[in-house]
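K.L.:
Provided below for reference: sequence and predicted model.
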Amino acid sequence: DTEVTQTPKHLVMGMTNKKSLKCEQHMGHRAMYWYKQKAKKPPELMFVYSYEKLSINESVPSRFSPECPNSSLLNLHLHALQPEDSALYLCASSHPDGGRTGELFFGEGSRLTVL
Amino acid sequence: DAKTTQPPSMDCAEGRAANLPCNHSTISGNEYVYWYRQIHSQGPQYIIHGLKNNETNEMASLIITEDRKSSTLILPHATLRDTAVYYCIVRVGGSNYKLTFGKGTLLTVNP
């Protein structure tokens, strides 16, 4: 199984809503990532978890709250978002050697629209 | 990590080789060259990586110049399904989780 599964594929939310994006992998990877991608732009790193601990936070606003409940799951909790947060949110995972090979496995993404 | 420079777009005829260039003149000795691609509406996909030797796998070949300041990704027989944005990324090896994407090259394979 070489898949990273993200749900939901599409999400529309208001600025006062609370929602979550979910990501799951069963490849035994111990590093998991959240990227944000705006239209016609490259993906931008948001967070990295290593062995279920947050290791990188790229100065992301607190309205985005990541969570890694176990080695297979990664969540991104969303609260009080702004319309400019509308984007494709990509989850990725990599081998437990700290991503040494540089090969990240990406999911298909969750497309978020904030009204 | 070193910056990379890629042409914003390229065209290629179906069945021909696609050669995608990348400049990384500030690369340092412990940095690898990685290539990913992103087909429209999908997540990025790893293609290949190398340090200083040329590399080949089932998807592509990677040619790195001797001074390591530039590289070329070669898709030997491009198909319509190879139409995608191709990202050249330079990254430190070892326990470094950061993979930073540049603007990439939009490769369009034409019938």
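P.N.:
The structure has been received and is ready for your questions. Given the structure is predicted, the values throughout are model-derived calculations rather than measurements.

K.L.:
In stretch A:78-98, which residues are buried?
P.N.:
By neighbour count with 16 or more other Cβ atoms under 10 Å in any protein chain shown, stretch A:78-98 contains the buried residues A:78, A:81, A:85-95, A:98. Placement of C-beta: from N, CA and C, glycine included.

K.L.:
Is the residue most central in space within chain B bridged to anything, and to what?
P.N.:
The centroid of chain B falls nearest to B:Trp35 when counting by Cα atoms, centre = their mean (3.4 Å). Applying DSSP bridges to B:Trp35 gives these bridge partners: B:Ile48, B:Cys88.

K.L.:
for chain B, what spans make up the strands?
P.N.:
Assigned strands in chain B, in chain order: B:9-13, B:18-23, B:31-38, B:45-50, B:55-56, B:61-64, B:70-75, B:84-92, B:105-110 (criterion: DSSP state E).

K.L.:
TSV please, covering those and showing distance to A:Glu3.
P.N.:
Rendered in TSV, the data for the strands of chain B read as follows (distance: least, Cβ to Cβ, whole Å):
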stretch	distance to A:Glu3
strand B:9-13	29
strand B:18-23	27
strand B:31-38	17
strand B:45-50	12
strand B:55-56	25
strand B:61-64	25
strand B:70-75	24
strand B:84-92	19
strand B:105-110	25
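
K.L.:
Of the ones you listed, which is nearest A:Met13?
P.N.:
Within the strands of chain B, the stretch nearest A:Met13 is strand B:31-38; the backing value is 24.9 Å (Cβ to Cβ).

K.L.:
Where does pLDDT dip in chain A?
P.N.:
A:1-2, A:96-102 (pLDDT under 70).

K.L.:
For it, which segments are assigned as strands?
P.N.:
Counting by DSSP E, the strands of chain A are A:4-7, A:10-13, A:18-25, A:31-37, A:44-50, A:53-57, A:64-70, A:73-79, A:87-94, A:105-106, A:110-114.

K.L.:
now those strands as TSV including distance to chain B?
P.N.:
Converted to TSV, the strands of chain A look like this (distance: least, Cβ to the nearest Cβ, whole Å):
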stretch	distance to chain B
strand A:4-7	7
strand A:10-13	11
strand A:18-25	11
strand A:31-37	6
strand A:44-50	5
strand A:53-57	6
strand A:64-70	13
strand A:73-79	13
strand A:87-94	5
strand A:105-106	3
strand A:110-114	9
